[in-house]
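Novice: here's a sequence, model it:
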Amino acid sequence: MINYKEHRLSNGLRVLANEDECSAMAAVNLLYQVGSRDESAERTGFAHLFEHLMFRGTKSVPDFDGPVQEVCGENNAFTTADYTNFYITTPKDNFETALWLEADRMMGLDITPEKLALEKSVVIEEFNQRFLNRPYGEQWHTLRSMVYTRHPYRWPVIGITPDHIRNASLEDVKEFYERFYNPSNAILSVSAALPAERIFEAAERYFGELPAGRTYNTSEQRALEPKITSARRHTIESNVPADQITIAFLMEERGERGYYLCDLLTDLLAGGESARIYQHLVRQRQIFSAANAYITGECGQGMLILTGQITPGTSIEEAEEALYGELELLVREPVGDYELRKVQNKFEANITFGELNVMNKAMNLGYYKMLGDMSLLNGEIDIYRSITAEEIADYILRNLTRNQSATLIYRSKR
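Specialist: Residues are numbered from 1 along each chain as shown. Next up is the predicted model:
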């Protein structure tokens, strides 16, 4: 269980503190509620670009990494469809250095034409390496556009095309920064062996005088994606190592019961080599050389994915039937108590062990505050524990049917 206290600055910055007496380190996490879903379809990839730009320094601190290293700290960041996360770990007595640095770059980033050009080239090269110049590289662009017809989840975090970053002007980038990177759109969370009051006082000192900035209305981005009611299919012929099939289903938002059903279901199917897909379809029937099932994990309506690389001599039709066969088996013969409890125990262990780390605690505080339901911070184990075999079977019957699917097939030219 993660215990915490909350405080809100007058400029809108939400601050959460976890007093962790078991660690000599402090974890400082700053979450901005801006991700790829906050971009327009004509200008994508900006949130990811800013993950890079935020390390390019300010007029006060030209080298962001230097002060972190001087206090024996480490820092990094990541971008998702829903938010951008920056984090720093330091010895607990040096945690104010992290607050000073984050407050300085929150509204003081020094965006010059030279720095922008450099990070553009880095991001474009990443786009080329990860998506354009590798086998199956375009699958997420294609699959997302098949599943989502109007929601901004229809493009990946990296963006639709590198041209959106290549053609971004300095004014475009500065406008994006001013719009999203401000106290009213951020959550600061700290886990350390420090009194919460000291953390709140330091947050007031470093962030309190910053102007609130604009509060962003996310109602359009939170609009529900219409259900898939007729099967969608697309085939790509490419120089890939093997034929591949990926079946995607639209699922519920984080916090809804269907989200946890899907999460547990995919672990039943593919949570390690003892799970069903590996045992039945890889090891025994050898239909796939590798196969998986997982959820994509967005805060909104994400995807449940079934996928596999098909062995030579196996038809795509046979592979597709085999994947649906595993779902149908869970309906005909609901999972037994032992198998279900094993997966539930795994979720509980992962959550519990994750809470031993101060950085995980700080990240979780920010994440669940962003979701708007702090009860989930310490309540998800009970949700997973309450799921029954009958619920899983019923969910499959109602939601994981062929006419509610989007199927992407790769056919190898080799």
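Novice: what's around residue 129, how many residues?
Specialist: A count of nearby residues for residue 129, using other CB atoms under 10 Å, gives 11. Backbone N, C-alpha and C define where each C-beta goes, glycine included.
Novice: what pLDDT does it get?
Specialist: pLDDT recorded at residue 129 is 91.
Novice: now do it against residue 137, distance only.
Specialist: 9 Å (CB to CB, to the nearest Å).
Novice: same thing with residue 215?
Specialist: For residue 215, the distance to residue 137 - CB to CB - is 37 Å.
Novice: shaky segments in the stretch 251-400 of the chain?
Specialist: Applying pLDDT under 70 to the stretch 251-400 of the chain picks out no residues at all.
Novice: need phi/psi at residue 109.
Specialist: Here is the backbone geometry of residue 109 (degrees, to the nearest 10): phi -60, psi 140.
Novice: so what's the spatially most central residue of the chain up against?
Specialist: In the chain, the centroid-proximal residue (CA atoms, centre = their mean) is residue 80; its distance is 4.6 Å. Residue 80 makes contacts with 35-36, 157, 298, as judged by CB atoms under 8 Å, 6 or more residues apart in numbering.
Novice: buried subset of those?
Specialist: Among the contacts of residue 80, the ones that count as buried by 16 or more other CB atoms under 10 Å are 35-36, 157, 298.
Novice: quick one: which of these sit in strands?
Specialist: Within those, no residue falls in strands by DSSP state E.
Novice: so which residues of the stretch 101-250 of the chain form strands?
Specialist: 186-192, 232-238, 244-250 (DSSP state E, counting those that start in this stretch).
Novice: need these in CSV with mean pLDDT, can you?
Specialist: What follows is the strands of the stretch 101-250 of the chain, written out as CSV (pLDDT from 0 to 100):
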stretch, mean pLDDT
strand 186-192, 97
strand 232-238, 96
strand 244-250, 98
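Novice: closest to residue 365 out of these?
Specialist: strand 186-192 (3.8 Å; CB to CB).
Novice: pull the residues that contact the closest one.
Specialist: Contacts of strand 186-192 (CB under 8 Å, 6+ apart): 13-20, 23, 25-33, 92, 95, 99, 102, 106, 199, 203, 207, 358-359, 361-363, 365-366, 369-370.
Novice: quick one: buried residues of it?
Specialist: 186-192.
Novice: for those residues, which one is nearest residue 407?
Specialist: For these, the nearest to residue 407 is residue 187 (37.8 Å; CB to CB).
Novice: give me the below-cutoff pLDDT ranges for the stretch 1-150 of the chain.
Specialist: Residues of the stretch 1-150 of the chain that meet the cut-off, pLDDT under 70, do not exist.
Novice: and residue 167, how many neighbours?
Specialist: Residue 167: 12 neighbours (other CB under 10 Å).
Novice: check residue 175 and give its pLDDT.
Specialist: pLDDT, residue 175: 95.
Novice: mind checking how far the residue of the chain most remote from its centre is from residue 195?
Specialist: In terms of distance from the mean C-alpha position of the chain, residue 313 ranks first, at 36.1 Å (CA atoms, centre = their mean). Separation of residue 313 from residue 195 (CB to CB): 66 Å.
Novice: do the same with residue 279
Specialist: 51 Å.
Novice: ok, residue 105 next?
Specialist: Taking CB to CB, one finds residue 105 at 26 Å from residue 195.
Novice: same deal with residue 354?
Specialist: 24 Å.
Novice: surely residue 6 meets residue 14?
Specialist: Yes: Residue 6 lies in contact with residue 14 (CB atoms under 8 Å); the separation is 7.1 Å.
Novice: touching both of these two, which residues are there?
Specialist: Counting by CB under 8 Å, 6+ apart, the residues touching both residue 6 and residue 14 are residue 369.
Novice: ok, the two, which is more surrounded?
Specialist: Between residue 6 and residue 14, counting by other CB under 10 Å, residue 14 is the more crowded of the two (20 against 14).
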